[in-house]
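# quick one, structure for this:
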Amino acid sequence: MAVVMMAMCPQLSWALSGSGTSSSHYKIANASDWTSFCSSCSTSSSSPSYADITGSFSTSTMLGNDKFRYAIIDGGGNTITISVTNTSSDYSGLCKEFGGQISNLIVAGTVSSSKKYACGVIGHVNNLATTLTNVICTVNITFTGSGDSSCGPMVGKVDDDVTMNNCGYIGTIKGNSNSYNVSGFIAYRSGNTVACTNCYSAATFSSWQSNSGNYAFMRNSGSSTTYTRCYYLNKPTGGTVDSGVTQTTSAKVSSAELCYNLNGSTGGGTSFYQNIDQGTKDSYPMPFSTHNKVYYSYTTHGATSQAYSNYNYPSSHIYYNTLTSNTWSNTSTPVSCKVAMKYTCSTCGATANETLTPTCNTTAATCVNDGSYDYTATSTTY
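Got it, this is the predicted structure:
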């Protein structure tokens with residue numbers, strides 16, 4: 001008789017750090033944490049799960065793939081790289097069915113779908129007003145179906161109010177000759193309020209059918225949409241430019257002129273940053289203070305023209321004078337005096353030296369070197 005012995009092993013699950021409350025956020029450091037979060041995240045429209053992304057990672061798991069999820073997510077400036085292929089249902093992206101808040105996050109990677117509303121960040125905003133703040137998406141999207149794609153890189157379908165602040169898209173959205181209704185930022189607003197402030201789309205559109213339903217920024221914007229300092233680089237073939245958005249150029253994107261514009265044409269603005277001549281050069285604006293502020297200024301002392309730069313120099317050195325020594329002789333009339341001056345730039349520390357010969361009408365007989373100088377430090381420009 002053969003006896004079969006079976007070992008009973010407990011099922012292991014990945015435990016998330018934190019409890020997901022407002023006082024004890026989930027801590028998501030890797031793909032396993034993310035997968036656990038996608039299962040644990042709140043499904044209630046009245047009580048969100050709170051989560052902090054504490055590291056960059058790659059995943060193919062969509063939050064809300066099974067049902068609506070409500071979360072407040074702080075990305076901490078980290079990057080989630082997604083690889084999503086969806087041929088079974090509408091809505092694709094990092095989040096499928098979602099409401100809540102996402103901030104301080106970069107979403108990269110690829111999405112491929114034959115169904116509508118393929119995007120990079122949120123496929124479907126539903127049940128709750130949703131806010132995205134300081135979110136950059138670089139996901140390349142491919143629509144493999146035909147007809148109405150309703151593709152849009154940041155959000156697919158808007159079925160509740162959406163607010164977006166300091167967000168940008170840089171990537172390629174690819175269709176085919178039989179597909180249309182593609183947008184460069186948000187795919188489709190079904191009637192709710194959308195407010196975008198300091199946002200840009202640097203989308204590249206590839207292989208789409210020429211169609212008036214293609215939009216530079218968002219299809220069906222309407223009177224309930226507000227655009228404030230919003231820019232687009234390209235519009236899809238045969239497409240429409242939304243009222244209220246402004247076209248930019250590739251040169252303006254790379255030179256930081258777009259960054260400057262997004263900051264309200266104010267030097268040193270803090271909505272967007274971009275490394276130009278300090279740090280590792282950025283190809284596009286970033287909403288993170290780990291990058292450098294942008295100015296329209298002189299990039300070197302003495303420059304005659306301004307440029308977009310991380311430096312904010314005046315056109316010339318601003319020197320402050322310091323008296324270093326004097327020499328004199330009372331063997332002649334009038335007395336011979338010479339004063340040595342050192343000039344130091346208050347901006348960069350550059351120095352210059354000069355010897356001055358003051359006019360001295362004092363006669364030799366009455367001139368006494370008492371060690372004091374009638375001198376007050378002043379600032380001057382050279």
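
# domains of the chain?
Taking automatic domain parsing as the domain assignment, the record places the domains of the chain at 26-247, 318-381.

# run the chain-centre distance for the longest helix along the chain.
Residue-count comparison of every helix in the chain, with assignments taken from DSSP state H, identifies helix 31-40 as the longest. Between the centre of helix 31-40 and the centre of its host chain there is 26 Å, according to Cα atoms, centre = their mean, to the nearest Å.

# thinking again about what came up before, same list (the domains of the chain) but as a markdown table, adding distance to residue 20 and mean neighbour count.
(Glycine included, C-beta is placed from N, CA and C.) Putting those into a markdown table (distance: least, Cβ to Cβ, whole Å; neighbours: other Cβ atoms under 10 Å) gives the following:
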| stretch | distance to residue 20 | mean neighbour count |
| --- | --- | --- |
| domain 26-247 | 4 | 21 |
| domain 318-381 | 49 | 12 |
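
# which one of those lies nearest to residue 307?
Of all these, domain 318-381 sits nearest to residue 307, with 16.9 Å by Cβ to Cβ.

# I'd like the mean pLDDT over the closest one, please.
Taken as a whole, domain 318-381 carries a mean pLDDT of 62.

# also stretch 158-173?
Across stretch 158-173, pLDDT averages out at 98.

# for it, measure first residue to last.
With Cα to Cα, to the nearest Å as the measure, the first residue of stretch 158-173 is 19 Å from its last.

# can you check stretch 185-202 too?
Taking Cα to Cα as the measure, stretch 185-202 stretches 9 Å from start to finish.

# before we move on, what about stretch 124-137?
Across its full length, stretch 124-137 reaches 16 Å between end residues, using Cα to Cα.

# helices and strands around the helix or strand harbouring residue 338, which ones?
Assigning secondary structure by DSSP states H and E places residue 338 in strand 336-345. Applying 3 or more Cβ pairs under 8 Å, 6 or more residues apart in numbering; DSSP states H and E, one finds that strand 336-345 makes contact with strand 318-329, strand 351-356.

# got the CA positions of it in CSV?
This file holds the C-alpha atoms of strand 336-345, laid out as CSV (Å, rounded to 0.1, in the frame of the first residue of the first chain):
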residue,chain,number,x,y,z
SER,A,336,51.2,113.3,-2.7
CYS,A,337,48.5,110.7,-1.7
LYS,A,338,47.7,107.3,-3.2
VAL,A,339,44.9,104.9,-2.0
ALA,A,340,44.8,101.2,-2.9
MET,A,341,41.3,99.8,-3.4
LYS,A,342,40.0,96.3,-3.7
TYR,A,343,36.6,95.6,-5.3
THR,A,344,34.7,92.4,-4.7
CYS,A,345,31.6,91.3,-6.7
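
# now that strand and strand 351-356, what's the angle there?
Angle of strand 336-345 versus strand 351-356, following axes from the mean of the first three to the mean of the last three Cα atoms, to 10 degrees, is 160 degrees.

# so after the helix or strand hosting residue 157, what's the next helix or strand?
Taking DSSP H and E as the criterion, the element that holds residue 157 is strand 155-158. Helices and strands here follow DSSP H and E; after strand 155-158, the next one along the chain is strand 162-165.

# what packs against that next one?
The helices and strands touching strand 162-165, judged by 3+ Cβ pairs under 8 Å, 6+ apart, are strand 130-137, strand 194-206.

# follow-up on the earlier one: could you dump the domains of the chain into a markdown table with distance to residue 271 added?
A markdown table is the format used below for the domains of the chain (distance: least, Cβ to Cβ, whole Å):
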| stretch | distance to residue 271 |
| --- | --- |
| domain 26-247 | 5 |
| domain 318-381 | 26 |
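
# for the ones you listed, which has the smallest mean pLDDT value?
Averaging pLDDT over each of those puts domain 318-381 lowest, since it has a mean of 62.

# what ranges do the helices span in the stretch 251-382 of the chain?
Using DSSP state H, counting those that start in this stretch, the helices of the stretch 251-382 of the chain run over 257-262.

# I should have written the stretch 101-250 of the chain there, sorry.
In the stretch 101-250 of the chain, helices defined by DSSP H, counting those that start in this stretch lie at 250-255, listed in chain order.

# now do the strands in it.
122-125, 130-137, 140-143, 147-151, 155-158, 162-165, 168-174, 179-182, 186-189, 194-206, 218-219, 225-232, 246-247 (DSSP state E, counting those that start in this stretch).

# possible to save the helices and strands packed on strand 162-165 as TSV with distance to residue 19?
What follows is the helices and strands packed on strand 162-165, written out as TSV (distance: least, Cβ to Cβ, whole Å):
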stretch	distance to residue 19
strand 130-137	23
strand 194-206	32
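
# so what does the longest helix of the chain touch, helix or strand wise?
Packing partners of helix 31-40 (3+ Cβ pairs under 8 Å, 6+ apart): strand 26-28, strand 49-53, strand 57-59.

# between strand 49-53 and that helix, find me the angle.
Using the same axes, to 10 degrees, helix 31-40 lies at 170 degrees relative to strand 49-53.

# wait, which of the helices and strands packed on helix 31-40 is closest to residue 171?
strand 57-59 (16.4 Å).

# direction included, what does the closest one pair up with?
Based on DSSP bridges, the strands next to strand 57-59 in the sheet, each with its direction, are strand 69-86 (parallel).

# okay, the angle between the partner strand and strand 130-137?
40 degrees.

# alpha carbons of strand 69-86, as PDB, please.
Below are the C-alpha coordinates for strand 69-86, written out as PDB (Å, rounded to 0.1, in the frame of the first residue of the first chain):
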ATOM      1  CA  ARG A  69     -10.500  52.300  -5.700                       C
ATOM      2  CA  TYR A  70     -10.300  55.500  -3.600                       C
ATOM      3  CA  ALA A  71      -6.800  56.600  -2.600                       C
ATOM      4  CA  ILE A  72      -4.600  59.600  -1.700                       C
ATOM      5  CA  ILE A  73      -1.200  58.800  -3.200                       C
ATOM      6  CA  ASP A  74       2.000  60.800  -2.700                       C
ATOM      7  CA  GLY A  75       4.700  59.700  -5.100                       C
ATOM      8  CA  GLY A  76       7.600  61.400  -3.400                       C
ATOM      9  CA  GLY A  77       9.100  62.300  -6.700                       C
ATOM     10  CA  ASN A  78       9.600  58.600  -7.500                       C
ATOM     11  CA  THR A  79       8.900  56.800 -10.800                       C
ATOM     12  CA  ILE A  80       6.500  53.900 -11.400                       C
ATOM     13  CA  THR A  81       7.200  52.200 -14.800                       C
ATOM     14  CA  ILE A  82       4.200  50.300 -16.100                       C
ATOM     15  CA  SER A  83       3.900  47.600 -18.700                       C
ATOM     16  CA  VAL A  84       0.200  47.100 -19.400                       C
ATOM     17  CA  THR A  85      -1.400  45.100 -22.200                       C
ATOM     18  CA  ASN A  86      -5.200  45.200 -22.200                       C
END
